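# Fold the following.
(chains A and B)
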Amino acid sequence: MKPGSRLKSSTCDSEVVVIRYAAGTLQCGGAPLGEGSGATVEIDPAFAGGTVMGKRYTDAAGTVELLCVKPGKGTLALDGVALLLKEAKPLPASD
Amino acid sequence: MNIALLLEMAADAAGDRVALVCDGQRWTYAELLAAARGACALIRDSKAEFVALLDESSEASVIGMFGAALAGVPYCPLNYRLADVDLGSLLARISPALVIGDSDRVHRLDVTSSHVVYSRSAFTLAVQEAVVTGAEEYDPGLGIAIQLFTSGTTAAPKAAILQHANLVSYILGTVEFASADDSEAALVSVPPYHIAGIAAVASSIYAQRRIVMLPAFSPDVWLRLVDAEGVTNAFVVPTMLGRIIHAIDKGVHGNVASLRSIAYGGGKMPLELIHRALDLFPDAGFTNAYGLTETSSTIALLGPDEHRAAHGSDDPVVRARLASVGIPLPTIELEIRDEEGRVLSAGQAGEIYVRGDQVSGQYRERSALDADGWFPTRDAGYLDADGYLFLAGRADDVIVRGGENISPGEIEDLLLTHPAIADVAAVAVPSLEWGEGVGLAVVVRGGFDQPDVDELKDLIRQRLRSSRVPEVVRFLPSLPYNEMGKLLRREIKTLLAA
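Numbering: from 1, shown residues only, chains lettered A, B, ... in the order given. Below you'll find the model as predicted:
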C-alpha cells in the first residue's frame, strides 16, 4: 500500500488514493479495498455510511490516511474500525 | 500522491466547467487534463529528464506542469528575465530537458543541443495532437514535482525541490475540494517561476475556481480583466498593488465590484499602500500570505477580518498587526530561535524555523532540514504576545555592530514616519571601529526638500539608540527592487561601501 496507490471498493463505487499507510487491512463497505474491478461483493449494512469526493479519511491514531477520489455507498475502515473524516482547514484563498 | 490527481479529480467531478481563461481562449477541466496527458506522451517520447518553461504564464505553463507530473519528471519554470550567461548555466544544469517557450533563445544558449524545444504555440498544438491510448501508466508521484532555482544573489542559484507530497499536503490541508461556486474566478498575474504562481494554479484547480491568466502584468489589463471576467479572487505582489492603485488614481476605469478577495505577499507591503487599498476596495477581503519556495507557499496568514480591524482601530497594538504576516497555519509548526538554536519567547526576535508536511527544505545539492525536520528559513522575525508573526528582514541582513544585532527594519520603519522620506534602506557598511556599522540609502519624497543628515541622526538617536545612528547616509533617486518587489539590499550595500 504505497502512498499514491489507487484502491477500489469491492462493495460500491468508492475509489481512494493512499496518502499514508502503516499496517492493517483497509476496507470499504465491510470488504477489503483492492486494485480489482469495482463492486462484486454485497455491502455490509453496518458499513454503509458512504464516502465523499475530495474528503480525507484517517484512523484515530493517524497511521493511515485515504483521499476519496470517487464517491460511493460504503464506509472506509481499517481492520473493522470505521475511519474518521479529516477536515481541511480552508484558508481565505491566500493564493 | 501525484499533483496531477488534483486536476484528474476536478475533471472527473466537473469536466465541462471552465478551468482556465488565457488570451481569450477557454479550457475546461476535461480539456486541460487531456492536454496534460498529451504532454505526458510528448515528454516520455522526448526522453527528457526535466520539463522547463522559459515563458510567461499561459495555458502551456499549466499543461506543462501537470504533464511533467504525469510523466514523473520535475517541472522547472525558469526566470526569463535572467541574463543569457546565467540562464545558459541553468539550462545546462537541467539537461536534457523539454523546454517550452522562447525557442530562439534556448537554441542560442544550448550549445550541446541536448534540449528538445517547443514554442508556446507549438507545444499547445502538439499536446492536443499527441496520441493517448488510455492504457498509460502514470507516475505515482513519489518523487519531485517542481524544481525552482532561487534568485542566487551571492552564489550560484540553488535548485529548491518540492516533492509531490509537499504540494499535495499543502493543497489538501488548506483547500476544500470543489468549494468554489460557478461565479468564482482567480486572476493569476505572478510569473510562472514564482511559487505563488504554482500554488495559485494548484489550489484554484482543486477548489474548481476558474483561473484567469494574465501572462504579463500591467495595471490597465489587470483592471480590464477583473471587469470583463468578473474576477472574485486575485493574488498580487506589493509592487503590482501599488501600480494598480496608481492607475486608478490616474483615471483608468474598470468595475472592480466583483473582487471579494485580494491576497498579497512576496515582499514587504508598505503600510501606507495597504491602508490606501483598504479604502479603495471597501468590499474586498485582504489576506497577507507569507511563505517561501521551500515551504510550498503560504505558512502564515493575516486574514480579511484582521485587516479591517487593524485598519479601523485606534488601539496601537491592533493597528500594528497590519504590519504583521498574521498567524502561522494550523497545519505547520513555527518557532523563533536564537543563533544557538534556543527557542525564543514572544517579543524576542530571531530566526524563523518551520516544520510540517508541506515544508520541503530540500535543495538538489543538499537538505537544509535539521535532524528533527525543522527548516531554518533565514528570515528574521518575532511573534507578539497573541501569536502574530512579524518579519524583520533576512537573517543575513542583520547588521552586527560591535557584537550587537541591529535589525534594518526598526530603523527603516522609524524613518518612514518622516514626511520627507519616501523610501529607505538600512544596510551594513564596513566600520573600522565596530566591524559593521549602519548605512542608510534614502529616497526623498517628491515636493520635499532633502532632510538634513544631522536631523535624521538625531531622530534615530532619540527614538532608538545611539548604536543605530548611521555612519553613512546617501540620498538616491530610487532604491533597487527586483521584478517581484524584493529590495536588493546587496546592491545597496555595494553602493554604500564604495
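
# hey, let's count contacts and neighbours off CA atoms from now on
Fine.

# so who does the residue most central in space within chain B touch?
By CA atoms, centre = their mean, chain B has its centre lying nearest to B:G266, at 4.0 Å. Shown in contact with B:G266 (CA atoms under 8 Å, 6 or more residues apart in numbering or on different chains): B:A196, B:V237, B:P238, B:Y290, B:G291, B:M484, B:G485, B:K486.

# swap the cut-off to 10 Å and go again
B:190, B:194-196, B:236-239, B:288-292, B:297, B:484-486 (CA atoms under 10 Å, 6 or more residues apart in numbering or on different chains).

# residue ranges with poor pLDDT in chain A?
A:92-95 (pLDDT under 70).

# which parts of it sit against chain B?
Contact residues (CA under 10 Å from any CA of the partner chain) of chain A with chain B: A:2-6, A:17-20, A:53-56, A:67-70, A:86-95.

# For those residues, which ChimeraX command selects only the ones that are buried?
Listed next is the ChimeraX selection for buried residues among these, using 16 or more other CA atoms under 10 Å in any protein chain shown:
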select /A:3,4,5,6,17,18,19,20,53,54,55,56,67,68,69,70,86,88,91,92,93,94,95
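
# In strands only, show me the residues of chain A next to chain B.
Judged by DSSP state E, the residues of chain A next to chain B include A:R6, A:V17, A:V18, A:I19, A:R20, A:R56, A:L67, A:C68, A:V69, A:K70, A:K86 as members of strands.

# would you turn those into JSON lines with distance to B:D458?
Formatted as JSON lines, those follow (distance: CA to CA, whole Å):
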{"residue": "A:R6", "distance to B:D458": "68"}
{"residue": "A:V17", "distance to B:D458": "64"}
{"residue": "A:V18", "distance to B:D458": "63"}
{"residue": "A:I19", "distance to B:D458": "59"}
{"residue": "A:R20", "distance to B:D458": "60"}
{"residue": "A:R56", "distance to B:D458": "59"}
{"residue": "A:L67", "distance to B:D458": "61"}
{"residue": "A:C68", "distance to B:D458": "64"}
{"residue": "A:V69", "distance to B:D458": "64"}
{"residue": "A:K70", "distance to B:D458": "68"}
{"residue": "A:K86", "distance to B:D458": "57"}
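
# Quick one: residues contacting the residue in chain A that chain B sits nearest to.
Closest contact between chain A and chain B, by CA to the nearest CA, is at A:G4 (4.0 Å). The neighbours of A:G4, taking CA under 10 Å, 6+ apart as the test, are A:16-20, A:66-67, B:1-2, B:5, B:139-142, B:164-165.

# Check the stretch 351-498 of chain B for the residue nearest chain A and tell me.
Nearest to chain A, among the residues of the stretch 351-498 of chain B, is B:D357, at 11.6 Å (CA to the nearest CA).

# closest point of chain B to chain A, which residue?
Nearest residue of chain B to chain A: B:M1, at 4.0 Å (CA to the nearest CA).

# Look at that residue and say how many residues are nearby.
For B:M1, the neighbour count with other CA atoms under 10 Å in any protein chain shown is 27.

# How about it: what's its closest non-neighbour residue?
Spatial nearest neighbour of B:M1, chain neighbours left out: A:G4 (4.0 Å); criterion: CA to CA, 6 or more residues apart in numbering or on different chains.

# Show me which pair in the contacts of A:G4 is furthest apart.
A:L66 and B:D139 (18.2 Å; CA to CA).

# With neighbour numbers in mind, choose between these two.
Each of A:L66 and B:D139 has its neighbours counted (other CA under 10 Å); A:L66 has more, 28 against 18.

# hey, what's that one bridged with?
A:L66 forms beta bridges with A:V18, A:Y57, as assigned by DSSP bridges.

# How about the contacts made by it?
A:L66 sits next to A:3-7, A:15-21, A:26, A:54-59, A:76, A:83, A:85-86 when contact means CA under 10 Å, 6+ apart.

# and the longest helix along chain B, which residues are buried?
Looking across chain B with DSSP state H, the single longest helix is helix B:29-46. Counting neighbours by 16+ other CA under 10 Å, one finds that the buried residues in helix B:29-46 are B:29-44.

# Any stretches of the stretch 201-350 of chain B with poor pLDDT?
For the stretch 201-350 of chain B, no stretch has pLDDT under 70.

# Centroid-nearest residue for chain A?
Nearest to chain A centroid, counting by CA atoms, centre = their mean: A:L76, 4.4 Å.

# contacting residues for the residue nearest to that one when sequence neighbours are not counted?
Spatially, and ignoring its direct neighbours in sequence, A:L76 is nearest to A:C28 (4.4 Å; CA to CA, 6+ apart). A:C28 sits next to A:8-16, A:34, A:43-44, A:47-51, A:72-78, A:80, A:82-83 when contact means CA under 10 Å, 6+ apart.

# returning to that earlier point: which helices and strands does the longest helix of chain B pack with?
Under the contact definition 3 or more CA pairs under 10 Å, 6 or more residues apart in numbering or on different chains; DSSP states H and E, helix B:29-46 sits against helix B:4-14, strand B:18-22, strand B:25-28, helix B:59-71, strand B:97-101, strand B:116-118, helix B:120-129.

# Pick the most buried one from the ones you listed.
Of all the helices and strands packed on helix B:29-46, helix B:59-71 has the most neighbours on average by mean count of other CA atoms under 10 Å in any protein chain shown, namely a mean of 27.

# Now which of the contacts of A:C28 would you call buried?
Buried members of the contacts of A:C28, counted by 16+ other CA under 10 Å: A:8-16, A:34, A:43, A:47-48, A:50-51, A:72-78, A:80, A:82-83.

# Narrow these to those in helices?
Here DSSP H is the test, and the buried ones among the contacts of A:C28 give no hits in helices at all.

# Give the rounded mean pLDDT of stretch B:41-50.
Per-residue pLDDT over stretch B:41-50 has a mean of 98.

# Please apply the same query to stretch B:162-180.
The average pLDDT within stretch B:162-180 is 95.

# ok so, going back, and the contacts of B:G266 near chain A, which?
Counting by CA under 10 Å from any CA, B:I195, B:A196, B:V236, B:N288, B:A289, B:Y290, B:S297 from these sit close to chain A.

# Just the buried ones from those, in ChimeraX syntax?
Those of those that count as buried under 16+ other CA under 10 Å are selected in ChimeraX with:
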select /B:195,196,236,288,289,290,297
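
# Turn the ones next to chain A among the contacts of B:G266 into TSV, columns for secondary structure.
Listed next are these as TSV, based on DSSP: H, G, I helix; E, B strand; the rest coil:
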residue	secondary structure
B:I195	helix
B:A196	helix
B:V236	strand
B:N288	strand
B:A289	strand
B:Y290	strand
B:S297	strand
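
# what's the most distant pair in the ones next to chain A among the contacts of B:G266?
Farthest apart among the ones next to chain A among the contacts of B:G266 by CA to CA are B:I195 and B:N288. That separation is 15.2 Å.

# Could you list the domains of chain B?
B:4-308, B:398-497 (automatic domain parsing).

# CSV for these, including distance to B:A368?
Putting these into CSV (distance: least, CA to CA, whole Å) gives the following:
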stretch, distance to B:A368
domain B:4-308, 10
domain B:398-497, 20
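
# Which one, of those domains, ends up nearest to B:G361?
Once these are compared by CA to CA, domain B:4-308 is nearest, at 5.0 Å.

# First-to-last residue distance for stretch B:43-54?
16 Å (CA to CA, to the nearest Å).

# Same question for stretch B:383-396.
Stretch B:383-396 has an end-to-end distance of 19 Å (criterion: CA to CA).

# ok, residues contacting that stretch?
Under CA under 10 Å, 6+ apart, the answer for stretch B:383-396 is B:268, B:290, B:300-302, B:317, B:320-328, B:334-336, B:344-352, B:376-382, B:398, B:407-410, B:489.
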